[in-house]
Each structure stands twice: as C-alpha cells, then as structure tokens.
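Asks: What follows is a predicted structure for the sequence shown.
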Amino acid sequence: MVDGYHGYSDPFTLNQWQQISHSYTATANTSISVGLRFYDDTGFDGNEVVYIDDFQPTTTTTPPPPAGCQNTELNLSLTTDNYGAETSWTLTNSSNTQIASGSGYASNTTHSESLCVVDDSYTFTVLDSYGDGMCCSYGNGSYSLTGPGGTLASGSSFTSQQQHTFTIGSDNGGGTPTDPSQYYASAAGLTGYALKSQLHSIISNHQSQGYSAIWQFIDQSERDNYFENDNSVLDRYSERPSSNDAVSYVAVTNQCGTYSVEGDCYNREHSFPKSWFGGKIEPMNSDIHHIFATDGYVNSKRSNFPFGEVASASYTSSNGSKLGSAATSLNYSGTVFEPIDQFKGDFARAYFYMATRYEDVISTWQNNTEYSDAVLNGSANQVFEPWVVAMLKRWHEADPVDAIERARNQAAYEFQGNRNPFVDHPEFVQQIW
Ligand SMILES: [Ca+2]
Ligand SMILES: [Ca+2]
Ligand SMILES: [Ca+2]
Ligand SMILES: [Ca+2]
C-alpha cells in the first residue's frame, strides 16, 4: 500500500461485475504494490465466491508543458453558472475536425485555457445541454475567446448552442472574426446603387434551409432574452417592450396550428408577403432575414397589406400593432399594417435586405399583386415606390439597430450563410437610398 485505501465496490450491487480504479502519481520510478481487501458485510458469511478479473495497471505519462506556442495562442475564459456540468465547447477547423474541446466544469467557477492553433478558419461552439444557455436565470455564466487581434467569440445568454467562426492567418495579425469585418471588404469605397449591387454579390450565395427549418431557427434564436427575458418566443406583433405581455409563447409547443384569437399560437410571418414574389418560391419563401415569429391571428389580420402608418385602426393587437387606413402623410391611400415603434426599424431593414438580395429578380414582382405594385416601383436599383423609400428610411432612423437585431443577424448568418448588410452597416441605407 503506497497511498492508503481507495476504490470501494458498491455492496448492494451483486452478481455482476463492478469496475474499480485508482490512479496514483509516483514521485519517481518505483514499484507499487496493489492489494485487495474483502470486508465481511451483511449477508457475507465467509463462504461467498468473489471473482477478480482483468486487473490492468496502466501508465500515463504527462507530457511536459509546451515551451511556448509556436503558432497562434488563443485564450479561453469560461465562467460557469449554477449548472456548470451543462456547459461544453468545441473548436473545429476548416476540415470540420475537432481540435479542442472542454466539458465537465464545476458550477460558478472560472476556467482559463490556452489553445495553440495554426493558420486556418475555425468554428467555436459553446453548448448547453439543458438548452438555457449560461446566463442569467441560474447564475451568471459567460465565455470569451481572445486572440492577438482581440475578441474572437464571446457570449452568455443563448439556448442550446452558440457558434462563432473566425480565421487565424498571418495576414491579419493573428485572428479576426470572419463576420463581419472581412465580409464587406469588396464593397469598400462604393456608394449608391454600385454599393447595393456589390452587396447583392456578397449576400447572394446563401443556402436556403427550407421552410420547415424556420421553426428550428425560431426555437434556437428567436427568444425573448431582452424584455421579459423569460425565453419565450419573441413575437414582434404581441411583444410589449415596456410592460408585461398579454401573450406568451413556449417555443415549439405553441407553434401554429389553428387560431381564432390572438394568443392561440405563433407562426412564421413573411414580413415581405410571399404573394409579392409569386408564392412558395425559394429561396425567398424560406429566407430567414424577412421571416419572423409572429402571432398567427395577428399575422392573418396583417394579411398581404403593405406596412404603413395607420390613421384610423380597424384592428389593434395586444401590443398596439394596427391595421387600418393609411395616414395622409404617407402619400398612399389604402389599408396598411403598422408594427409598433420598437420593431419598425427591424422590418425596414428586412425590406432593404430583400431589395438587395433579390435585386436581380425583384423588378418584375410588382406585377404579381395589387399590393406588391403599391410597394414596388419595378426597378432593380431603387426597388420601392417613393412613399415606401421615405417611410422605410424614417423607420430605420427612428428605430436604430439594437442587440436583438445584431444577435438575430449573427444567428441568421450561421443558419443560412448570409448577413443583412443594413444591420451590420446602418449607414448603407443613406448611402444607397
Ligand atoms: Ca416577451
Ligand atoms: Ca413585454
Ligand atoms: Ca427595433
Ligand atoms: Ca408599383
């Protein structure tokens, strides 16, 4: 015996094998004696048969600490919440090979780790096995991964997982996020419709995930982590930003379904109505940048009417979204739907995205319906009728980009592979329109 007694069997587990192990760190090359003891417990009268098999001493050599990283050193700092065991992470390279990972963390503790990586593109994924992220209902966990060029990935509040992509290369001083710093490089210096066309090239290679995957996006990334901060579905037609919601949706459970009143279920709203682009045509029909989780009933009230400012409402949702006749200041007469101020800019930037992503096909869409004609002007560059340009710019300026939209844009990028340029660079709107 070199280290006392270790590794007891469970006396209540009978008639089956139990594995018992103990590791011992020797201070020098030496011989070690291993002994086994059998205790007389209840029911053990000295005539029992005990089998011992597969005794396997193994040696592990701990490598000496590396004498400094010869490539690029990244530093991970991870602070767990009250459920540290739920947190894990992986780092994969451009061949999708996992090169580092971590799990099994103690709760409410901070772990620091240094990673030595070669030049490549990487995906850093943080996972939460329970699906409630690392913050802030049960403690305040967070993580950040930094390289010589600054922060490559950071976060705290998410659901099941959060992913970050970045590139380590000698040309950029050792680590910059792929998004969005390099994303718009080819548009540098451009303005006007030349800028818009270049943005079109940059964002046009996205991979449609299909309309059913929109449910998954909502489940993963369209949650209220901002207002009630209760992880319910963030529904822009029912959310009351400064008071308690009348309607609250549990992700997945409350997917539509049929509805007869507001509050019955949430669905996938094409903020840019699908009839305007000819129906269920991909990739428009499943493009997450203009599809939002909204109350099914309110969505049906909105129908395919243009967005606008309402003079006199015939219907008002629980958060004040209105359907009614257009305000005279709008320079449009007809029925319009007016979202609340908090989300007007969100929808405006979704429209600027549509005008840019689909500039190669959008000029014919005004022929599809009465309302697409009311909104679109038949051009590939300006895209919108003058009253719409004026209104969207007004909404864009009055409701600037916030953390909700930034997080959604990043999630959309990870979901389908392209970004909304007007969330990343709000100044592009003025430069183009
Ligand atoms: Ca809410
Ligand atoms: Ca609220
Ligand atoms: Ca907003
Ligand atoms: Ca028109």
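Replies: In hand now; what should we look at? The structure presented is a predicted model; accordingly, all values stated were derived computationally and were not measured. Ligands and ions are numbered 1, 2, ... in the order given.

Asks: Please list all residues in contact with Asp128.
Replies: Residues near Asp128 by Cβ atoms under 8 Å, 6 or more residues apart in numbering: Glu86, Thr87, Met134, Phe158, Thr159, Ser160, Gln161. In this view, the C-beta of every residue, glycine as well, is placed from N, C-alpha and C.

Asks: Quick one: the helices in the stretch 201-350 of the chain, in order.
Replies: 213-221, 296-302, 341-357 (DSSP state H, counting those that start in this stretch).

Asks: closest one to ligand 2 among those helices?
Replies: Ligand 2 lies closest, by Cβ to the ion, to one member of these: helix 341-357, at 9.9 Å.

Asks: Who are the packing partners of the closest one?
Replies: helix 192-203, helix 386-398, helix 403-416, helix 421-424, helix 427-432 (3 or more Cβ pairs under 8 Å, 6 or more residues apart in numbering; DSSP states H and E).

Asks: and the gap between the residue lying closest to Thr328 once chain neighbours are set aside and ligand 2?
Replies: Of all residues not flanking Thr328 in the chain, Ala311 sits nearest, at 6.7 Å (Cβ to Cβ, 6 or more residues apart in numbering). To ligand 2, Ala311 is 27 Å away according to Cβ to the ion, to the nearest Å.

Asks: burial measure for whichever residue of the stretch 301-433 of the chain sits closest to ligand 2, as a count.
Replies: Per Cβ to the ion, the residue of the stretch 301-433 of the chain with the smallest distance to ligand 2 is Asn319, at 7.9 Å. Number of residues near Asn319 (other Cβ atoms under 10 Å) recorded here: 23.

Asks: Give me the phi and psi angles of it.
Replies: With angles defined as degrees, to the nearest 10, Asn319 shows backbone torsions of phi -100, psi 0.

Asks: Quick one: residues contacting it.
Replies: The contact partners of Asn319, by Cβ under 8 Å, 6+ apart, come to Tyr237, Ser238, Glu239, Arg240, Asp245, Ala246, Ile340.

Asks: Just flag the most distant two among the residues you listed.
Replies: Farthest apart among those by Cβ to Cβ are Ala246 and Ile340. That separation is 13.2 Å.

Asks: higher neighbour count, the two?
Replies: Just comparing Ala246 and Ile340: by other Cβ under 10 Å the higher neighbour count belongs to Ile340, 18 against 12.

Asks: Which pLDDT does the model give the closest residue to the more buried one other than its chain neighbours?
Replies: Distances taken as Cβ to Cβ, 6+ apart place Gly320 nearest to Ile340, at 5.1 Å, with adjacent residues excluded. Here the pLDDT value assigned to Gly320 is 98.

Asks: how far away is Gly320 from ligand 1?
Replies: Distance, Gly320 to ligand 1, using Cβ to the ion: 14 Å.

Asks: That residue and Pro339 touch, don't they?
Replies: No. Between Gly320 and Pro339 there is no contact under Cβ atoms under 8 Å: 9.0 Å.

Asks: okay, these two: which has more neighbours?
Replies: The residue with more neighbours, out of Gly320 and Pro339, is Pro339; 26 against 15, by other Cβ under 10 Å.

Asks: wait, what's in contact with that one?
Replies: Contacts for Pro339 (Cβ under 8 Å, 6+ apart) come out as Arg236, Tyr237, Phe307, Ser321, Phe347.

Asks: So which bits of this structure are right by ligand 1?
Replies: Asp224, Phe227, Glu228, Glu239, Asp245 (Cβ under 5 Å from the ion).

Asks: Same list, these, but as JSON lines with neighbour count please.
Replies: Formatted as JSON lines, the residues of the chain next to ligand 1 follow (neighbours: other Cβ atoms under 10 Å):
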{"residue": "Asp224", "neighbour count": "18"}
{"residue": "Phe227", "neighbour count": "17"}
{"residue": "Glu228", "neighbour count": "16"}
{"residue": "Glu239", "neighbour count": "25"}
{"residue": "Asp245", "neighbour count": "19"}
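
Asks: Could you dump the residues you listed into TSV with pLDDT added?
Replies: Converted to TSV, those look like this (pLDDT from 0 to 100):
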residue	pLDDT
Asp224	97
Phe227	96
Glu228	95
Glu239	98
Asp245	97
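
Asks: circling back: tabulate the contacts of Asn319 in CSV, adding columns for distance to Tyr358.
Replies: Shown next, in CSV, are those (distance: Cβ to Cβ, whole Å):
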residue, distance to Tyr358
Tyr237, 24
Ser238, 29
Glu239, 28
Arg240, 33
Asp245, 33
Ala246, 35
Ile340, 27
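
Asks: So which of these is the closest to Tyr183?
Replies: The closest of the contacts of Asn319 to Tyr183 turns out to be Glu239 (Cβ to Cβ; 29.2 Å).

Asks: what comes up buried for stretch 87-99?
Replies: By neighbour count on 16 or more other Cβ atoms under 10 Å, the buried set for stretch 87-99 is Thr87, Ser88, Trp89, Thr90, Leu91, Thr92, Asn93.

Asks: OK, contacts around Ala153?
Replies: So Ala153 contacts Phe124, Val126, Tyr143, Ser144, Leu145, His164, Phe166, Pro177 (Cβ under 8 Å, 6+ apart).

Asks: what's the helix or strand the fourth one falls within packed up against?
Replies: So that's Ser144. Under the criterion of DSSP states H and E, Ser144 resides in strand 142-147. Strand 142-147 is packed against strand 72-79, strand 150-155, strand 161-168, with contacts defined by 3+ Cβ pairs under 8 Å, 6+ apart.

Asks: Only the buried residues of the first one, if you could.
Replies: What it means is strand 72-79. Using 16+ other Cβ under 10 Å as the test for burial, strand 72-79 gives Thr72, Glu73, Leu74, Leu76, Leu78, Thr79.

Asks: which other helices and strands contact it?
Replies: Using 3+ Cβ pairs under 8 Å, 6+ apart, strand 72-79 sits against strand 87-92, strand 110-117, strand 142-147.

Asks: which element follows the second one toward the C-terminus?
Replies: Read that as strand 110-117. For strand 110-117, the succeeding helix or strand toward the C-terminus, using DSSP H and E, is strand 120-128.

Asks: can you give me the angle that next one makes with strand 110-117?
Replies: 160 degrees (axes from the mean of the first three to the mean of the last three Cα atoms, to 10 degrees).

Asks: Partner strands of strand 120-128, with direction?
Replies: The pairing partners recorded for strand 120-128 under DSSP bridges are strand 87-92 (antiparallel), strand 161-168 (antiparallel).

Asks: Of these, which is nearest Thr335?
Replies: strand 161-168 (40.6 Å).

Asks: Keeping just the C-alphas, turn the closest one into PDB.
Replies: What follows is strand 161-168, C-alpha atoms only, in PDB (Å, rounded to 0.1, in the frame of the first residue of the first chain):
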ATOM      1  CA  GLN A 161     -25.700  26.400 -28.500                       C
ATOM      2  CA  GLN A 162     -23.900  29.400 -29.900                       C
ATOM      3  CA  GLN A 163     -21.400  29.300 -32.800                       C
ATOM      4  CA  HIS A 164     -18.700  31.700 -33.900                       C
ATOM      5  CA  THR A 165     -16.500  31.500 -36.900                       C
ATOM      6  CA  PHE A 166     -13.200  33.200 -37.300                       C
ATOM      7  CA  THR A 167     -10.000  33.000 -39.300                       C
ATOM      8  CA  ILE A 168      -6.500  32.800 -38.000                       C
END
